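*Asks:* Okay, sequence plus prediction incoming.
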Amino acid sequence: ALLREVCAAPLHSPWVEVVRSEAFFQVLEGSIEVATMRLQLTQEGKPPKDLFAMQQAGSIRESPIAGHLEDFDLALVFEHLLVCLRHALVQAMYVPSAADELQTVPWVWGKQHELTLHTESFVWIPVILKRFRATPAIKMEVVRYICAAANFYMAPQAPKTQASPQDADRDATAPAETAVVPHLALGTFSLMEPHILGFLNEVLETVDDPCMLSLACLAASNLAGYERQRYISTPLTERTKLPVDELKRLVIAVVRVLKLVPRLPRSIGEQTLVYAYRIVCNLLSFGDLQLLCATMDTGFIDAVRMTFDYFFRDVFKISTSGTFVFILQNLMLFLRNWITSGCKVELDIQQLLTLGGTRSISKDELKEFQYILERNLDV
């Protein structure tokens, strides 16, 4: 709790100097180690040891804190630790770029991807998500933690060459630009990591909390954008197979979120809608035939029609002209990418059909993809 209070202090307060110290990161790392050890003991059925108990007259005397052991709720402890991990990332975004040259200190952004705090966090986070599934704050803090790692491009001190994941929105078929992508976004927090993609899918499929849905959509859209930049800049012979089924599951979950948009608070619903468009725009930008067809075969375009009717058919649903233009711009951007990507893949399928298919895709599968495109390109 003390670490959390120190982390949560404003960046202009003296406490930021405490956070940006070797001692703070050592204490945080040690606290995580102790908490995970205690979690392991509780799972094994062993009672936690009272470290303050003392030997007295051949027996063990209770320590002054013995009566408060029940207050040491592990769920609350891990919630505090998750907040500390998130703040450790966020404060690094505000370290002046000149200080970023000091790669030996743990509080600069360039060092975050090397810290065991973050690289090993998803060894125990899946365990606590399952162990404390009845504690909503745990899931919320994990979403915030992932979202912080996915949003470094917005940082005031981000490198000038920092790549924004929204670069993929400009043109679904544009070549990759040379830019620096955050190491964390392509490593520990990569969307292609099963624990990250699976967790975001689970949140979008089951949660109804507006803030959590919006943050999960934001994280997914940015991480998909970073993955898109890496994928298209990788030579064809070195590309790994995309998890098409799990990414399709992500889009289906986003369809569920779009259907919830009319019931969300207005400001949150508008932003969530834009994040949902960006998720699909980024997935279309991979240029992968199977992924594109899987994305289109989710009913996403029907959900887009529904949101269009909700926001634009009724003039009383438009709060301001600025909001109207903002949503319309993102909608047009999505439709452009939807159509251009679909038409390109449609031509590719026609060429492959003349060749009788490929080693990985049969002729029947290509015909099925062709039917999916015909059904979803008529927008």
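*Replies:* Nice, I can see it. Numbering: from 1, shown residues only.

*Asks:* got the contact list for the closest residue to residue 21 other than its chain neighbours?
*Replies:* Nearest non-adjacent residue to residue 21, counting by C-beta to C-beta, 6 or more residues apart in numbering: residue 107, 7.6 Å away. Yep, even glycine has a C-beta here, placed from its N, CA and C like the rest. When contacts are counted by C-beta atoms under 8 Å, 6 or more residues apart in numbering, residue 107 touches 19-21, 25, 88, 91-92, 95.

*Asks:* helix, strand or coil for residue 107?
*Replies:* Secondary structure for residue 107, judged by DSSP: H, G, I helix; E, B strand; the rest coil, is coil.

*Asks:* Need phi/psi at it.
*Replies:* Backbone dihedrals for residue 107, given as degrees, to the nearest 10, come out at phi -100, psi 0.

*Asks:* Now do residue 21: how many residues are near it, please.
*Replies:* 14 (other C-beta atoms under 10 Å).

*Asks:* Now do the helix or strand hosting residue 27: which elements does it pack against?
*Replies:* Counting by DSSP states H and E, the element that carries residue 27 is helix 22-44. Contact here means 3 or more C-beta pairs under 8 Å, 6 or more residues apart in numbering; DSSP states H and E; on that basis helix 22-44 packs against helix 2-7, helix 74-92, helix 116-119, helix 121-131.

*Asks:* The longest one to helix 22-44, inter-axis angle?
*Replies:* In other words, helix 74-92. Relative orientation of helix 74-92 versus helix 22-44 (axes from the mean of the first three to the mean of the last three C-alpha atoms, to 10 degrees): 150 degrees.

*Asks:* Nearest to residue 113 among the contacts of residue 107?
*Replies:* Compare each of these with residue 113 using C-beta to C-beta and the shortest gap goes to residue 92, at 10.6 Å.

*Asks:* Pull the number of nearby residues for the closest residue to that closest one other than its chain neighbours.
*Replies:* Computed as C-beta to C-beta, 6+ apart, the closest residue to residue 92 that is not its neighbour in sequence is residue 109, at 4.3 Å. Residue 109 sits with 24 neighbouring residues when counted by other C-beta under 10 Å.

*Asks:* try the one 5 residues further on
*Replies:* Burial of residue 114, expressed as a neighbour count using other C-beta under 10 Å, amounts to 14.

*Asks:* That one: what secondary structure?
*Replies:* coil.

*Asks:* What separation is there between residue 372 and residue 32?
*Replies:* Look at residue 372 and residue 32: by C-beta to C-beta, to the nearest Å, they are 46 Å apart.

*Asks:* Low-confidence regions, the stretch 101-250 of the chain specifically.
*Replies:* By pLDDT under 70, the weakly predicted segments of the stretch 101-250 of the chain are 101-103, 154-182.
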